[in-house]
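1. how would this look folded up:
(2 chains, ligands or ions: 1)
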Amino acid sequence: MAYDPASGVLRSRTLTLSYEIPVSKIARFWEALAEGKVLGTVCKKCGRKMFPPQAVCDKCHSTDIDWFEIKSVGEVVAFTHIVVRPASFQDQKVYTPAIAEFKEEGVRVLAWVAPEVPKRQIKVGMKVRVEPRIEDNRRTWVFVPAE
Amino acid sequence: MRKVAIIGIGHAKFGRRQDVNVCEIAFEAIKPALEDAGVSAKDIEYMPVGTIGMWYEEGLPAVVIADYCGLSGVGLARFEAACASGSAAFFSGYMAIASGMADLVLVVGVEKMREVDTPTAVELIGRAGSYLWEFENFGLTFPGYYALHATAHMAKFGTTEEDLALVAVKNHHYANMNPYAHLHEEITVEKALASPVVAWPLKLYDCCTICDGAAAVVLASEEKVKELGIDTPVWVAGLGFSSDSGNLTKRQSYVGLMATVWASQKAYKMAKVGPEDVDCATVHDCFTIAEIMAYEDLGFCKKGEGPKLIREEQTYVGGKIPVNMDGGLKAKGHPIGATGVSMMVELTRQLREEVEPRERQVPMKNYVALAHNVGGTGHYCYVTILRR
Ligand SMILES: [Zn+2]
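-> This next block holds a predicted model:
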C-alpha cells in the first residue's frame, strides 16, 4: 500500500478478524449465567469434575455428562493486576484475573476479581464466591469477597 | 537411533529490526550456519522452521525463507509450539537424522514481532492459552500468566520482588557482553524495582523484550561428521518433551511448571546425566519468575530454593550452575520462534569453548549443557542436553 522512504517500510493491507465460536454443546453454561449460576460439568461414568465445562469427559471420553453449580466459598491461589493491556482491552481500567480453588466442588475457576473490590484487599488466600455478571452485553463471571 | 551432532551455528542480531523482513533476517542466521558447517544450501535435505507468525505478513514463512536462501527443493515444514517452536523444529530435525531419513538438516528459528504495534503483539501473545476461557472475558496477557505464578510462588515460599530483580540484573549483565543481544544495558535492583508495572508483581525489567530475531543450526549424522572432517561436533545427548493443560484451572499448583519437570526427567534419562552434571544451561526466562521456577523444576535446587540460588549468585559464571550466559530471553530478547534455536547456538559456543568475551565463557568440567525451552506458560516444554 504505502511505501515510506523515511522509515524504509511498506504498510500492508489491513485485515480485521473476528471469529464465530461454536458454543452450542455447552449452551447450558451460557444460559445458566443469566439465571445467576456458574456451572461446571461432571462425568456420570467416572466422576471427573471439569471447569471450564466441556461436553465430553477429558479422562474417560464418556459423553454422558451432567452439570453442577459452583456455589461454595473458594480461596484465591494466584492473581495479577494487568496494567499493560492487549489491543482489544485498551478501553478497560487495570483488571485483576485470579484463580480460585473451590475444594467443595473440586474445581478451580479463573475470573476477574470484581472491579469494585479494592486492589489492596486482594491476596492469595482471600475467600471468594463466583457470581455471573453481564457487562457490555457479554456474559461473564467474577469473584466477590465471601465475607 | 543414529547419533546427531550440531556442526554449524548462525545467529542474527536480535532487536527491533525494521531494516529486514522475515526472509532477510533468517538469511543472517542461515548463511553463517552453513559456512560454519562447511556445507552449502544444496547439501541440505530438510529444513524445519520454528515460527509463530501472525505478527508479520507471510503466511508460509518456511517456503519464502527457503526460496530467498536458495533452499527450495528441501523438505520443509513450519513448527508451532508457542515459545518452544524453535525446539520443536530442532526436535524434528534431530528425528530426521536419528531415524536415518536424512544426513544433513538445517534447523531455523525466526520471528518478526515488531511489524505490528505493541498492543496488537500483546493481544496475539495473550491469546496463547485457552482463548475462550482465559482471554475472551479476562484478557490474560503473557506477563499476566507468569504473574499468576509469581504471586503463588511469593505466597508459598516468601519469594520477593527483589529476588525477581536479581535475575534481571544477572541477565542484563551477560546480555551487555553479547553482541547479538537486543539490550545492552547494565541495570541495578533499584532500577528494576522502580520500573513501571506490566502485570503485578512483574515490572518492565521482569519481562523479556518483544523483538525480531533468527537463529540457525546445521545438524549432521555421525557419518556426515566424519565425511566433512568436523573437529568439534556437539552431540545431542538427550531430548525430552512434555506439555500441560491448556487451561490453567486444570493444574494442581502454580509454583512451578510440571511440563518442565517431566521433559527434563526424560532428557536426563536419555543422556544418562543428572542436574549435578550440567556445566551450564540456557533456561526459559521469558519472565524473571520463570527463571527461578526453572532452577527448581530442572533440579538445580529444591522447590522453593530458587530465590536462594540467585541471591548467592550461584547462576553466574563461576557459580554452581551458570544460567543464561547469553543474557537469556530477558535481555538477549525473545523473538518467539527463534529462541529455542538461539539456545542451541549459545550452548554450542559454550561447549566449543569459543565464547567471546571470555567473561561469558563457562569453565567446562563434564562438557554437558542443557537447553530448557517452554512454550506458553508450561503449555509445551522441550529440554535438550548437548555434549561435546
Ligand atoms: Zn469420565
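
2. what's the local residue count around B:Ile310?
-> Per other C-beta atoms under 10 Å in any protein chain shown, the neighbour tally for B:Ile310 reads 25. Using the backbone N, CA and C atoms, a C-beta is placed for each residue, glycine as well.

3. whoops, B:Val383 was the one
-> 34.

4. skipping adjacent residues, who's closest to B:Glu291 in space?
-> Using C-beta to C-beta, 6 or more residues apart in numbering or on different chains and skipping residues adjacent in sequence, the residue nearest B:Glu291 is B:Asp285, 3.7 Å away.

5. A strand includes that neighbour, no?
-> No. Counting by DSSP: H, G, I helix; E, B strand; the rest coil, one finds B:Asp285 to be coil, located in no strand.

6. contacts only, for it.
-> B:167, B:171, B:208, B:291, B:294, B:324, B:328-330 (C-beta atoms under 8 Å, 6 or more residues apart in numbering or on different chains).

7. of all the residues in the worst-scoring helix or strand of chain B on mean pLDDT, which ones are buried?
-> Least confident helix or strand, chain B: helix B:118-126 with a mean of 95, by mean pLDDT, DSSP states H and E. Under the neighbour-count criterion of 16 or more other C-beta atoms under 10 Å in any protein chain shown, helix B:118-126 has B:119-126 buried.

8. do it and chain A come into contact?
-> Yes. Applying C-beta under 8 Å from any C-beta of the partner chain, one finds helix B:118-126 touching chain A at B:119-120, B:122-123, B:126.

9. compute the inter-axis angle for the following helix or strand past that helix and helix B:118-126.
-> Next in sequence after helix B:118-126, counting helices and strands by DSSP states H and E, comes helix B:142-157. Between helix B:142-157 and helix B:118-126, the angle comes out at 60 degrees (axes from the mean of the first three to the mean of the last three C-alpha atoms, to 10 degrees).

10. after helix B:142-157, next one along is what?
-> As assigned by DSSP H and E, the chain's next helix or strand after helix B:142-157 is helix B:161-175.

11. chain center to that following helix: distance?
-> 17 Å (C-alpha atoms, centre = their mean, to the nearest Å).

12. how much does that helix deviate in direction from helix B:142-157?
-> Helix B:161-175 runs at 130 degrees relative to helix B:142-157, counting by the same axes, to 10 degrees.

13. all strands of the chain, in order?
-> All of this refers to chain A. Listed from the start of the chain, chain A has strands (DSSP state E) covering A:2-4, A:9-11, A:39-43, A:49-50, A:65-69, A:74-79, A:81-82, A:97-102, A:107-113, A:127-135, A:138-145.

14. chain B was what I was after
-> With strands called from DSSP E, chain B shows them at B:4-11, B:46-50, B:75-79, B:104-111, B:197-200, B:202-203, B:213-221, B:234-243, B:280-282, B:368-375, B:380-387.

15. what about the last one, distance to the chain center?
-> This points to strand B:380-387. For strand B:380-387, the distance to the chain centre is 10 Å (C-alpha atoms, centre = their mean).

16. burial count for B:Tyr145?
-> 27.

17. mind putting the strands of chain B in CSV, mean pLDDT and distance to the ion included?
-> Shown next, in CSV, are the strands of chain B (pLDDT from 0 to 100; distance: least, C-beta to the ion, whole Å):
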stretch, mean pLDDT, distance to the ion
strand B:4-11, 98, 41
strand B:46-50, 98, 36
strand B:75-79, 98, 32
strand B:104-111, 98, 39
strand B:197-200, 98, 35
strand B:202-203, 98, 37
strand B:213-221, 98, 42
strand B:234-243, 98, 21
strand B:280-282, 98, 40
strand B:368-375, 98, 28
strand B:380-387, 98, 25
